[in-house]
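Visitor: Below are the sequence and a predicted model for it; my questions follow.
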Amino acid sequence: MAAPAQPDAGPRRRGRTTLLIGVAAVLGVVAGTCTGYLVQADREPTALPPLSQPVLPQSTGPAPEPLSADQDRRLRTDGDLRKLLLKRPAGAKEADWLPSSDGWMDMATYAGFYTEPGARFSSLVTDEFRRAAVAGWEVGNSYTVEIRLVQFRQEESVAAADAVSSHQSWADADTKGDSWTIPGTDDGMAYVHADPVQDPGYEPLYAAEAHAWRGDIAMEIWIYGDRPLAKKTVMDLAERQMERL
């Protein structure tokens, strides 16, 4: 008869002497750590090195007066943006075709004026669109005016200048029109297009526009009429609107 099988050999047990040596080593480490803490606690704290910058004397007297709106442009542009829009001239009819009656235009509405609203909406998010104010009126049966002030946060880029440059590129594509620099601006431009806008089912519309920027605000002026528009019409509006900014 075969002998019963022996169980698989497991790990060899450590002897008692090995255990005692291990415990002593642990106690030695703990004792050494405690001794180090006690020695460090009895020492005087090490002084920090002196600051390289000398102590500046504190000013005395009353604080300076805050800047006025003439000196600090942000006092105006951070307020009610609608107040910076040109007022409707006497004799002009209030526009009933504006997207809102309170003078504000939200980002979705503004993007809707572009041929690809979805793409424009995404770019406005990237450009940190902040808000837009709009005003408009009709001058008799001659022409209509719409002015937009579009403000950006501009924490990552100069979006107002970029927006104006984009509009000017499209306006420059109309080689048959005339253009002029807007006085008092770095690169603001006004345009009068020679050829009317021809949409099926509508009367031809002549167009003029102006684009300029100041700080974080892009200005847009759009004029449409049933007859050719004069340079003076768009230039006068553009100059006066930029003066208000």
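Guide: Received it, and whenever you're ready, just let me know what you need. Numbers count the residues shown, from 1 in each chain.
Visitor: do you know how far the residue sitting nearest the centre point of the chain is from residue 82?
Guide: Closest to where the C-alpha atoms of the chain average out (Cα atoms, centre = their mean) is residue 153, at 2.5 Å. Distance of residue 153 to residue 82, computed by Cβ to Cβ, to the nearest Å: 18 Å. For glycine as for every other residue, the C-beta is placed from the backbone atoms N, C-alpha and C.
Visitor: How about residue 107?
Guide: 16 Å.
Visitor: Show me where the chain has its strands.
Guide: According to DSSP state E, the chain carries its strands in the segments 93-94, 129-139, 143-152, 178-181, 189-192, 206-214, 217-225.
Visitor: Save those strands as TSV, and put in mean neighbour count too.
Guide: As requested, the strands of the chain are arranged in TSV below (neighbours: other Cβ atoms under 10 Å):
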stretch	mean neighbour count
strand 93-94	12
strand 129-139	19
strand 143-152	22
strand 178-181	14
strand 189-192	23
strand 206-214	25
strand 217-225	22
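Visitor: Serialize these to a markdown table and add fields for mean pLDDT and distance to residue 59.
Guide: Putting the strands of the chain into a markdown table (pLDDT from 0 to 100; distance: least, Cβ to Cβ, whole Å) gives the following:
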| stretch | mean pLDDT | distance to residue 59 |
| --- | --- | --- |
| strand 93-94 | 92 | 53 |
| strand 129-139 | 96 | 36 |
| strand 143-152 | 97 | 35 |
| strand 178-181 | 96 | 45 |
| strand 189-192 | 97 | 47 |
| strand 206-214 | 97 | 34 |
| strand 217-225 | 97 | 35 |
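Visitor: show me where pLDDT drops low in this protein?
Guide: Applying pLDDT under 70 to the chain flags residues 1-42, 50-56, 63-77, 175.
Visitor: In contact with the closest residue to residue 231 other than its chain neighbours, which residues?
Guide: Excluding its sequence neighbours, the residue lying closest to residue 231 (Cβ to Cβ, 6 or more residues apart in numbering) is residue 192, at 5.8 Å. For residue 192, the contact set (Cβ atoms under 8 Å, 6 or more residues apart in numbering) comprises 177, 178, 179, 208, 228, 229, 230, 231, 234.
Visitor: any idea how far residue 192 lies from residue 146?
Guide: Note on residue 192: its distance to residue 146, by Cβ to Cβ, is 16 Å.
Visitor: now do residue 48
Guide: For residue 48 relative to residue 146 (Cβ to Cβ), the value is 64 Å.
Visitor: swap in residue 117?
Guide: Relative to residue 146, and taking Cβ to Cβ, residue 117 is found at 18 Å.
Visitor: What of residue 187?
Guide: On the measure of Cβ to Cβ, residue 187 and residue 146 end up 22 Å apart.
Visitor: Please consider this matter closed, and thank you.
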